[in-house]
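Enquirer: sequence-free structure coming up:
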């Protein structure tokens, strides 16, 4: 299975960057293919231009979007890694979703609305914040973000949301060793989510399987 780990943090020494790199290493060690899409290193332009917007005649994505969609064409699992900035994803990730996951890749025009194009593929997210986990959960910040981001992507594009793992209390004075330990701990989440997905698929198949002959 091919995974795309999409990193949205400007500092290569950040906890998010360590988590993304460790996630890629962990997936490859488990026999999976994994690509790291470091949006800042790519100098990805998050600004959706007027000529990219859908019209009654269709949509014309920009060359950089066409190239990125080509890289993602065989991906079965998307993994987003990003910090909370004002309780929202960084603008570069939001713009990446706006431009790359838009019409022609994430969805298409359909009868009475749109048709999801990423059904059968999955989304797993890792987010971080300086605020502690208790505050993020108590204020509903994570739930609100998932509603307008994760769950919306699921509804529009058909992605199956496997999980959203949040790391609170991530501050600039974390030691390198502490950062690496937390990153290693978090990197096991894709494997656990995939195993849970396979188990659910097997359970659903067995549940829906009808006997070949009527029971006696």
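Expert: Cool, got the structure. All of these numbers come straight from a predicted model, not from anything done at the bench.
Enquirer: where do the strands sit along this structure?
Expert: Listed in chain order, the strands of the chain (DSSP state E) span 2-7, 33-38, 77-83, 107-110, 113-116, 122-128, 160-167.
Enquirer: now the last one against strand 77-83, angle please.
Expert: If I follow you right, that is strand 160-167. Strand 160-167 and strand 77-83 are oriented at 30 degrees to each other (axes from the mean of the first three to the mean of the last three CA atoms, to 10 degrees).
Enquirer: isn't residue 170 right up against residue 133?
Expert: No. With contact defined as CB atoms under 8 Å, residue 170 does not count as touching residue 133 (10.3 Å). Bear in mind the C-beta positions are built from the backbone N, C-alpha and C, glycine included.
Enquirer: More neighbours: the two, which one.
Expert: residue 170 (21 against 13; other CB atoms under 10 Å).
Enquirer: Any figure for the gap between the nearest residue to that one once chain neighbours are set aside and residue 69?
Expert: Closest residue to residue 170 apart from its sequence neighbours, by CB to CB, 6 or more residues apart in numbering: residue 128 at 4.3 Å. In this view, residue 128 and residue 69 are 27 Å apart by CB to CB, to the nearest Å.
Enquirer: So if I had to pick from these two, which one is more boxed in?
Expert: Each of residue 128 and residue 69 has its neighbours counted (other CB under 10 Å); residue 128 has more, 23 against 17.
Enquirer: Can you spell out which residues form a bridge with that one?
Expert: When bridges are called by DSSP bridges, residue 128 pairs up with residue 83, residue 167.
Enquirer: is it true that it touches residue 166?
Expert: Yes. If you go by CB under 8 Å, residue 128 and residue 166 touch, sitting 7.2 Å apart.
Enquirer: Could you tell me which residues touch both of those two?
Expert: Where contact means CB atoms under 8 Å, 6 or more residues apart in numbering, no residue is in contact with each of residue 128 and residue 166.
Enquirer: got any ranges where the chain has weak pLDDT?
Expert: 173-216 (pLDDT under 70).
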